[in-house]
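**Q** Using only what follows, build the 3D model:
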Amino acid sequence: GEPYFVHPYEVTCILADMELAGFKVDFKHLEEYGKKLNAAIAVLQNSIYEKAGGEFNINSPKQLGEVLFERLGLPVIKKTKTGYSTDADVLEKLYDKNEIIADILDFRTLIKLKSTYVDGLMQVINKADGKIHSKFNQTVTATGRISSTEPNLQNIPVRMPLGREIRKMFVPTNDEYVLLDADYSQIELRILAHVSGDETLTDAFETGKDIHRITAASAFNVPIDDVTPEMRSNAKAVNFGIVYGISDFALAGDLRISRKMAKAYIDGYFNTYPGVKEYMDNIIATAKEQGFVSTVLGRRRYIPEINSQNGNMRAFGRRIAMNAPIQGTAADIIKLAMLGVSRRLKEGGFQAKLVLQVHDELVIDCPVAEQEEVSKILQTEMENAVRLSVPLTVEIAEGASWYEAK
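**A** Just a heads-up that it's a prediction; the model follows:
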């Protein structure tokens, strides 16, 4: 039948409810965390000074450039009008050249954590209820994902243990409440199986096989039982990279391997999942021809870049063509799920409230007494938001903080 559009007005009402509900922050814990960050920053700072052979302002690109490229003699990757570039891309390329680079990257992450989440959160905690009332937007991203600002709760750096710890600051309303965190399992790969119809991919999700192990076995040409954790983790990067139209160059950078090796991984992937290769080729051709791509639910993303005279713009357009239908469909699905969950919580007269949406996860502040029923509602509404050719599965966890519930 007709594609079901997620009505922006209905979503706006839910986002308004979430902003009003707010998310409680443990102020004392946040203060302690700030002290812990300061200590970690000081340790890194000393380590950097030691490796640089003297003190300098690490936050000054000019001084940092002089230390790296003149004093330490590292190869110059990129120059700017004012001197040497020391942006994240440059540092990533120098990663193996000197141990100081890892320290600088960590130092920058911690400084950002402190300014954004400790100092930033302290300023926006509402004195009356001890909660932060983040702003949620549905018209900022091009793919249709919801974004959040003041503070942005969606890009907490989770790769570093200290980054993950920020989630410990987010707690339920009081001792009689618990946080429920419901997360779609590999939703983008499931959507890829649906839109591409690839048999191996579809079969893996229907039978509950480990998709990263399957990819690893074929990419490294070993029996599935011989796949090591490292192989699996590299295959995971390929699986998710493909969804973003990743190039061998970008994958080589991400996994710190040679470009030739990265190309072998990507070729191995397309041999295992030929349906995906066919889908990618077709979607690019469609985008060139009609100037847009659509999500499974029929929402369009226009891509004028795909027919640009400029090669870089064309490549950008191709990546969008591959990714927008998948990421856009995931955004549509979670919005439908939010509508369903919100409606059922209201109809059932529950006290539980949706407090956060982060891409493919929902967080609910829930009285302990309602926990069992609300978990069932979350599971049912999220898993049945749409019908795809493969099942959508949801993992639900609970805890006395967002960290524990993740």
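**Q** helix or strand right after the helix or strand harbouring residue 340?
**A** Assigned by DSSP states H and E, residue 340 belongs to helix 311-347. Using DSSP H and E, the helix or strand that follows helix 311-347 towards the C-terminus is strand 353-358.
**Q** Three-state assignment for residue 151, please.
**A** When the structure is reduced to helix, strand and coil (DSSP: H, G, I helix; E, B strand; the rest coil), residue 151 reads as coil.
**Q** Name the surrounding residues that touch stretch 355-363.
**A** Stretch 355-363 has contacts (Cβ atoms under 8 Å, 6 or more residues apart in numbering) with 18, 21-23, 134, 136, 145-146, 148, 153-154, 179-184, 187-188, 330, 334, 337-338, 341, 354, 364-365, 378, 382, 402, 405. The way it works is simple: take the backbone N, C-alpha and C, and place the C-beta from them, glycine included.
**Q** Quick check: strands, which of those residues are part of them?
**A** 23, 136, 148, 179, 180, 181, 182, 183, 184, 354, 364, 365 (DSSP state E).
**Q** CSV please, covering those and showing distance to residue 98, pLDDT and neighbour count.
**A** Output for these, formatted as CSV (distance: Cβ to Cβ, whole Å; pLDDT from 0 to 100; neighbours: other Cβ atoms under 10 Å):
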residue, distance to residue 98, pLDDT, neighbour count
23, 41, 95, 22
136, 42, 92, 22
148, 37, 89, 20
179, 42, 97, 27
180, 45, 98, 24
181, 40, 97, 22
182, 43, 97, 25
183, 38, 95, 20
184, 40, 96, 23
354, 47, 96, 21
364, 46, 97, 29
365, 46, 97, 24
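**Q** Make a markdown table out of these and add distance to residue 221.
**A** Shown next, in a markdown table, are the ones in strands among the contacts of stretch 355-363 (distance: Cβ to Cβ, whole Å):
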| residue | distance to residue 221 |
| --- | --- |
| 23 | 47 |
| 136 | 46 |
| 148 | 43 |
| 179 | 44 |
| 180 | 42 |
| 181 | 38 |
| 182 | 37 |
| 183 | 32 |
| 184 | 31 |
| 354 | 46 |
| 364 | 44 |
| 365 | 48 |
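**Q** Which parts of the stretch 201-350 of the chain are helices?
**A** In the stretch 201-350 of the chain, the segments counted as helices under DSSP state H, counting those that start in this stretch are 211-219, 229-243, 248-255, 259-272, 274-290, 311-347.
**Q** hey, which of those helices is tucked in deepest?
**A** Most buried of the helices of the stretch 201-350 of the chain, by mean neighbour count (mean count of other Cβ atoms under 10 Å): helix 211-219, with a mean of 22.
**Q** what helices or strands is that one leaning on?
**A** helix 199-207, helix 229-243, helix 259-272 (3 or more Cβ pairs under 8 Å, 6 or more residues apart in numbering; DSSP states H and E).
**Q** Can you spell out which helices and strands pack onto the last one?
**A** Yep, that's helix 259-272 we're talking about. Against helix 259-272 (3+ Cβ pairs under 8 Å, 6+ apart) you get helix 211-219, helix 229-243, helix 248-255, helix 274-290.
**Q** For residue 85, find the nearest of those helices.
**A** helix 248-255 (16.0 Å; Cβ to Cβ).
**Q** Identify the residue nearest residue 392 in space, chain neighbours excluded?
**A** Nearest residue to residue 392, sequence neighbours excluded (Cβ to Cβ, 6 or more residues apart in numbering): residue 383, at 5.1 Å.
**Q** Could you tell me how many residues sit around the one you found?
**A** 15 (other Cβ atoms under 10 Å).
**Q** Quick one, grab the pLDDT at it.
**A** Note for residue 383: predicted pLDDT of 96.
**Q** can you check residue 85 too?
**A** 90.
**Q** secondary structure element for residue 107?
**A** Assigned by DSSP H and E, residue 107 falls in helix 100-113.
**Q** and the gap between the nearest residue to residue 263 once chain neighbours are set aside and residue 104?
**A** With sequence-adjacent residues excluded and distances taken as Cβ to Cβ, 6+ apart, residue 263 is closest to residue 248, at 4.1 Å. According to Cβ to Cβ, to the nearest Å, residue 248 and residue 104 sit 27 Å apart.
**Q** swap in residue 23?
**A** Applying Cβ to Cβ to residue 23 and residue 104 gives a distance of 32 Å.
**Q** who touches residue 219 in this structure?
**A** Per Cβ under 8 Å, 6+ apart, neighbours of residue 219: 231, 234, 235, 238, 264, 265, 268, 269, 272.
**Q** Now with 6 Å, please.
**A** 235, 265, 268 (Cβ atoms under 6 Å, 6 or more residues apart in numbering).
**Q** Can you read off the pLDDT for the last one?
**A** What it means is residue 268. Predicted confidence (pLDDT) for residue 268: 87.
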